[in-house]
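>>> Below are the sequence and a predicted model; questions follow.
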Amino acid sequence: MPTNRNVTLIESTVANNMASGNGAGIFNTGNVELTKSTISGNVSNSDGGGI
């Protein structure tokens with residue numbers, strides 16, 4: 001999936017994800033909008049551990 005997108009999370013949780021490369025929580029080169037959301041405990045060996 002292309003990573004240059006607009007992402008909106010509302011009342012969401014992205015937690016406790018792992019990636020050996022890019023990603024884990026959210027990996028995006030576009031805009032990310034968070035409203036009443038939690039990003040926590042995400043681990044990546046490269047880019048995008050949380051966001």
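Happy to help now that I have it.
>>> contacting residues around T13?
S37, T38, I39, S40 (Cβ atoms under 8 Å, 6 or more residues apart in numbering). C-beta: built from backbone N, CA, C; applies to glycine.
>>> What ranges does this protein have for its strands?
7-10, 13-15, 18-19, 32-35, 38-40, 43-44 (DSSP state E).
>>> Make TSV out of the ones you listed and add mean pLDDT and distance to I51.
Formatted as TSV, these follow (pLDDT from 0 to 100; distance: least, Cβ to Cβ, whole Å):
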stretch	mean pLDDT	distance to I51
strand 7-10	94	9
strand 13-15	93	8
strand 18-19	88	13
strand 32-35	95	6
strand 38-40	93	6
strand 43-44	88	10
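>>> Just the buried subset of the contacts of T13, please.
I39 (16 or more other Cβ atoms under 10 Å).
>>> For N16, state which of the contacts of T13 is nearest.
Set against N16, the nearest of those by Cβ to Cβ is S40 (7.6 Å).
>>> separation between the closest one and S12?
12 Å (Cβ to Cβ, to the nearest Å).
>>> wait, isn't T3 in contact with N31?
No. With contact defined as Cβ atoms under 8 Å, T3 does not reach N31; the gap is 11.6 Å.
>>> Those two: which is more packed in?
T3 (14 against 10; other Cβ atoms under 10 Å).
>>> residues in contact with the more buried one?
F27, N28, T29, G30.
>>> List just the nearest of those residues to G50.
F27 (10.0 Å).
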